[in-house]
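Student: Let me see the structure of the following:
(one chain, ligands or ions: 1)
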Amino acid sequence: MRTASEHAKTIVKATAPVIEKHGVDITTAMYKRLFQNEDVKEMFDAAAQESGEQPRRLANAILAYSKNIDKLENLGPAVTRMVQRHVETGVKAEHYPYVAEALLPAIRDVLGAEVATDEVLAAWGEAYWMLADILIAAEAEAYAAAA
Ligand code: HEM
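Tutor: The predicted model follows:
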């Protein structure tokens, strides 16, 4: 399990207001990058993209995470819901790098290099992998239980 450093957590919490303001722009840009991979694109419900619903869900999840990164117990039900959808759609550990590689550049695209500095992106990278490892472990358990 990877954990974000205290420094990274501080930066992530401090960027919550910009995530609140620009979250949907970021996740919309992130899905545009992610869906360059056709196999990954097929995992998603097209209607939930076109209505903007899935970009909103992901933006809300990222915002809640940035606010609660030092009290993750607050995210319990949201994490359960993500794990459930991920297991239904066949998300596996090997998919997580694709989302990281789409999300971090999308943050920079939308916020610009002056706000999304290398330090900010590195902090979000640490935070991403901390949450990813929580999800990956819970999903592995759910797949094992279903087998
Ligand atoms: C830390 C990383 C991730 C976060 C925070 C995250 C978050 C979410 C959230 C909030 C939802 C919506 C759950 C709901 O229905 O309420 C969701 C659904 C979903 N996620 Fe993720 N996710 C992550 C990684 C991934 C990865 C790596 C993949 C695979 C490429 C993936 C594929 C999906 C799919 C296919 C759905 C269902 C969306 C639909 O209905 O079209 N996610 N995720």
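
Student: so what's the closest residue to residue 3 other than its chain neighbours up against?
Tutor: Leaving aside its chain neighbours, residue 3 sits nearest to residue 130 (5.4 Å; criterion: Cβ to Cβ, 6 or more residues apart in numbering). C-beta here means a position set from N, CA and C on the backbone, and glycine is covered the same way. For residue 130, the contact set (Cβ atoms under 8 Å, 6 or more residues apart in numbering) comprises 1-4, 69.

Student: tell me the secondary structure for residue 130?
Tutor: At residue 130 the chain is in helix, as set by DSSP: H, G, I helix; E, B strand; the rest coil.

Student: And the contacts of stretch 70-78?
Tutor: Here stretch 70-78 makes contact (Cβ under 8 Å, 6+ apart) with 9, 13, 61, 64-65, 68, 134.

Student: Pull the distance from that stretch to the chain's centre.
Tutor: How far stretch 70-78 lies from its chain's middle: 14 Å, per Cα atoms, centre = their mean, to the nearest Å.

Student: Check the average confidence over it, would you?
Tutor: Taken as a whole, stretch 70-78 has an average pLDDT of 95.

Student: heads up, I number from 587, so please use that
Tutor: Sure, I'll start counting at 587 from here, so that last one is stretch 656-664.

Student: And residue 724, what's its pLDDT?
Tutor: 97.

Student: So which bits of this protein are right by the ligand?
Tutor: Residues of the chain found near the ligand (Cβ under 6 Å from any ligand atom) are 626, 629-631, 634, 640, 643-644, 647, 667-668, 671-672, 675, 677, 681-682, 684-685, 714, 717-718, 721.

Student: If any of the residues you listed are buried, put those into a PyMOL selection.
Tutor: To isolate the buried subset of the residues of the chain next to the ligand in PyMOL, counting by 16 or more other Cβ atoms under 10 Å, use the following:
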select buried, resi 626+640+643+644+647+668+672+677+681+682+685+714+717+718+721
